[in-house]
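# Prediction below, plus the sequence it came from.
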Amino acid sequence: MIHLRDFSFRYPASDRYALRNVSFDVGDREIISVIGPSGAGKSTLGYAIAGLLAKHFRGGVLEGIVELSGNLISADPTRIGYVFQETGVQLSGITESVAEEIGFSLEQIGLPEGEIRKRIDEQISIFRLETLRDRHPGSLSGGESQIVALAAEAAKYPELFILDEPSQALDARNLRLLREAVQAWRRSAAVIIIDENNEWLDGLADRTLFLNDGRQVFFGPFQELVNSHLDLAGLDLPSWIEIQRLLNRHTVTTSYRQSLRWLKSFPTSH
Amino acid sequence: MRHPVHPVTALSFVLFSFLVALTAILPAQIGLLTAVGITGVFIGEWKKFWKRILFYVVPLDCLLLFVNILLGVPSAEAFRYAMRFTLLVAPLLLAVLSTPTGRISLALRTANVPPRIHYLFLLSLEMVTMLRNQLERVRISQQLRGLQLGANPIRRWISLFPMLMPVLLFAVSQGLEKSMAVEFKGLERTGPKTYLRKLPLAGRDKAHLTLLSLLSLAIVIAWGFRR
């Protein structure tokens, strides 16, 4: 579905490449997690896949190929659902209720009224937003805004989701809902999740892309990253991955959940 | 929040005030400012309105007056410039505070205003709120680092200047991400759109619009005669 080949990008007025020679493919119903330290180029990669770089960063240097289903990529709201890192910018700012916010994109796409109402009800039920339905989006907390933004993008039924740090403002309950939603989306869409601290993705993502300083360090099944003897010294791996790598290396456990169980099995000392 | 007038009526009033500011007919300007002042007492957000007038518009008026006098402009003329500035800002403030942004947006969308113009207008309104909130955050963090402001309004106003650059940089970065987010909302799409909510003009709004049209015509004619 997504095809990236030797992709590099440099922002206008910058002498440093934000991404350099990134190459990978994403299948039709695949979930990909993108990890890496701050400034590694994760968000830039999201913009690239969504077709935003050429339009919004004119004067930047763009090399290589990015294709979506065989076509050169363009920011098409009917095909791509994008949830941005900053919750403040995600909501339209011009609707008067959560239900209206969820249906806003669908109104712009011009779907029939009945279909829009059906999809609003569906997303409200999936994300348990019944109590927020009539609330003004401006009065929502960060976590609530984030979940409404996710529901609004999901209502478009896109063929590709790009979620940039979606777990940032979510509590445990909403994180569980997001996990369930991502599992449901994969029946009809590909999902790219950019998240620095992504324990919640354990066992969910099919493959993981690890970026560091704009370069692709690893792309493959997450367990391979954990089990591999890749020399990742000097790279800022999230601590939960470091712990798992250590435990796996000593063949104590083989997955993050097993590692957690193993650690919890120790008696608490006082 | 009360919705006393249709957004189209509110925006027409803003355009009318721009026309009055442009024509520089003193009695019309004084009359309109009086009308704005009286209306400002009765809107739901009257406290916010007057606070903004006193805290932002009046100081900027004084600054404008001062700069013009410094540049050698006769004081009566300088006073008119300041009044013209108030005429451009106060009615807009009145319209924005008494009409929720969502309703303004809906009215513009259903009136088939080109998406780019529509969103430019709304983004400007949102930016004002965003800048104000960010300014408040920066001010609080500076106070936590030891900045003493007290209750003195002049001191508070002067304190804004060193904060302007970080706040503007924040606005630029937010504006960029906002414009990208809007792209995925489909606002720029051409072709047929669906509206779950519609805002028909009430009889009262039609009467207001007729009155504003007649007043505009009268002012344009009076302006023509003066010239």
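Sure, I can see it.
# For the rest of this, base every contact and every neighbour count on C-alpha atoms.
OK.
# residues making contact with the helix or strand encompassing A:I192?
The secondary structure element spanning A:I192 is strand A:190-194 (assigned by DSSP states H and E). With contacts defined as C-alpha atoms under 8 Å, 6 or more residues apart in numbering or on different chains, strand A:190-194 is touched by A:26-35, A:42-43, A:46, A:159-166, A:182, A:185.
# Strands - which of the residues you listed land there?
A:26, A:31-35, A:160-164 (DSSP state E).
# can you give me the helices for chain B?
B:7-23, B:26-42, B:46-52, B:58-70, B:75-98, B:101-110, B:115-144, B:153-158, B:164-183, B:203-226 (DSSP state H).
# With distance to chain B and pLDDT added, can I get the ones in strands among the contacts of strand A:190-194 in TSV?
Conversion of the ones in strands among the contacts of strand A:190-194 to TSV gives the following (distance: C-alpha to the nearest C-alpha, whole Å; pLDDT from 0 to 100):
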residue	distance to chain B	pLDDT
A:V26	21	93
A:I31	20	94
A:I32	21	94
A:S33	21	92
A:V34	20	93
A:I35	21	88
A:L160	12	93
A:F161	11	95
A:I162	11	95
A:L163	12	94
A:D164	12	92
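# Columns neighbour count on top of the residues you listed, output as a markdown table?
Shown next, in a markdown table, are those (neighbours: other C-alpha atoms under 10 Å in any protein chain shown):
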| residue | neighbour count |
| --- | --- |
| A:V26 | 18 |
| A:I31 | 25 |
| A:I32 | 26 |
| A:S33 | 25 |
| A:V34 | 27 |
| A:I35 | 23 |
| A:L160 | 28 |
| A:F161 | 25 |
| A:I162 | 23 |
| A:L163 | 23 |
| A:D164 | 22 |
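# Please tell me the pLDDT value assigned to the residue nearest the centre of chain A.
If you average the C-alpha coordinates of chain A and look for the closest C-alpha using C-alpha atoms, centre = their mean, you land on A:I193, 2.1 Å from that point. Reading off the confidence values, A:I193 has pLDDT 94.
# now the one 4 residues further on
Reported pLDDT at A:N197 in the predicted model: 67.
# Let me see the mean pLDDT of the helix or strand hosting A:E242.
Using DSSP H and E, the element containing A:E242 is helix A:239-249. Mean pLDDT, helix A:239-249: 75.
# Go through it and flag the buried ones.
Neighbour counts over helix A:239-249 (16 or more other C-alpha atoms under 10 Å in any protein chain shown) mark A:241, A:243-245, A:247-248 as buried.
# so which of the residues you listed would you say is closest to chain B?
A:I241 (30.2 Å; C-alpha to the nearest C-alpha).
# tell me, how many neighbours does residue 174 end up with?
Let's take chain A. Here the count is done by other C-alpha atoms under 10 Å in any protein chain shown, and A:N174 has 18 residues near it.
# To clarify, I was referring to chain B.
Counted with other C-alpha under 10 Å, the neighbours of B:Q174 add up to 17.
# okay, and for chain B, where does confidence drop off?
Low-confidence segments of chain B (pLDDT under 70): B:1-4, B:149-150.
# That one against chain A: which residues are in contact?
Taking C-alpha under 8 Å from any C-alpha of the partner chain as the test, the list of chain B residues beside chain A reads B:101-103, B:105-106, B:122, B:126, B:174, B:176-178, B:180-187, B:189, B:191-196.
# strand partners of the strand holding A:I192, parallel vs antiparallel please.
When pairs are called by DSSP bridges, strand A:190-194 turns out to pair with strand A:31-35 (parallel), strand A:160-164 (parallel).
# who are the neighbours in contact with the closest residue in space to B:C62 that isn't next to it in sequence?
Taking C-alpha to C-alpha, 6 or more residues apart in numbering or on different chains, and ignoring the residues beside it in sequence, B:C62 has B:A82 as its nearest neighbour in space, at 7.5 Å. By C-alpha under 8 Å, 6+ apart, the contact list for B:A82 reads B:61-62, B:64-65.
# State the distance from the residue nearest to the spatial centre of chain B to A:S23.
Centre of chain B computed as the mean C-alpha position; nearest residue by C-alpha atoms, centre = their mean is B:L92, 3.3 Å away. The spacing between B:L92 and A:S23, counted by C-alpha to C-alpha, to the nearest Å, is 51 Å.
# Next, B:I43: phi, psi?
Phi and psi for B:I43, reported as degrees, to the nearest 10, are phi -70, psi 160.
# burial measure for it, as a count.
20.
# For chain B, what is the nearest residue in the stretch 151-270 of chain A?
With C-alpha to the nearest C-alpha as the measure, the residue in the stretch 151-270 of chain A that lies nearest chain B is A:E153; the distance is 8.3 Å.
# Okay, strands next: where are they in the stretch 101-250 of chain A?
Shown for the stretch 101-250 of chain A, the strands assigned by DSSP state E, counting those that start in this stretch span residues A:160-164, A:190-194, A:207-212, A:215-220.
# out of those, deepest packed?
The highest mean neighbour count among the strands of the stretch 101-250 of chain A, using mean count of other C-alpha atoms under 10 Å in any protein chain shown, belongs to strand A:190-194: a mean of 26.
# Give me the contact list for stretch A:26-45.
A:1-3, A:18-19, A:53, A:164, A:186-198, A:201, A:204-215, A:236-238.
# Mind exporting the C-alpha coordinates of that stretch to PDB?
As requested, C-alpha coordinates have been extracted for stretch A:26-45 and formatted as PDB (Å, rounded to 0.1, in the frame of the first residue of the first chain):
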ATOM      1  CA  VAL A  26       3.500  -1.100   4.300                       C
ATOM      2  CA  GLY A  27       0.900  -3.700   3.400                       C
ATOM      3  CA  ASP A  28      -2.800  -3.100   3.100                       C
ATOM      4  CA  ARG A  29      -3.900  -4.100   6.600                       C
ATOM      5  CA  GLU A  30      -0.700  -3.700   8.400                       C
ATOM      6  CA  ILE A  31       0.000  -1.900  11.700                       C
ATOM      7  CA  ILE A  32       3.400  -0.200  11.800                       C
ATOM      8  CA  SER A  33       4.900   1.500  14.800                       C
ATOM      9  CA  VAL A  34       7.500   4.200  14.400                       C
ATOM     10  CA  ILE A  35       9.800   4.700  17.400                       C
ATOM     11  CA  GLY A  36      12.900   6.700  18.000                       C
ATOM     12  CA  PRO A  37      14.100   9.600  20.200                       C
ATOM     13  CA  SER A  38      12.900  13.200  19.900                       C
ATOM     14  CA  GLY A  39      14.100  14.800  16.800                       C
ATOM     15  CA  ALA A  40      14.600  11.500  15.000                       C
ATOM     16  CA  GLY A  41      12.300  12.500  12.100                       C
ATOM     17  CA  LYS A  42       9.200  10.600  13.200                       C
ATOM     18  CA  SER A  43       6.700  13.400  12.700                       C
ATOM     19  CA  THR A  44       8.400  14.400   9.400                       C
ATOM     20  CA  LEU A  45       8.000  10.800   8.200                       C
END
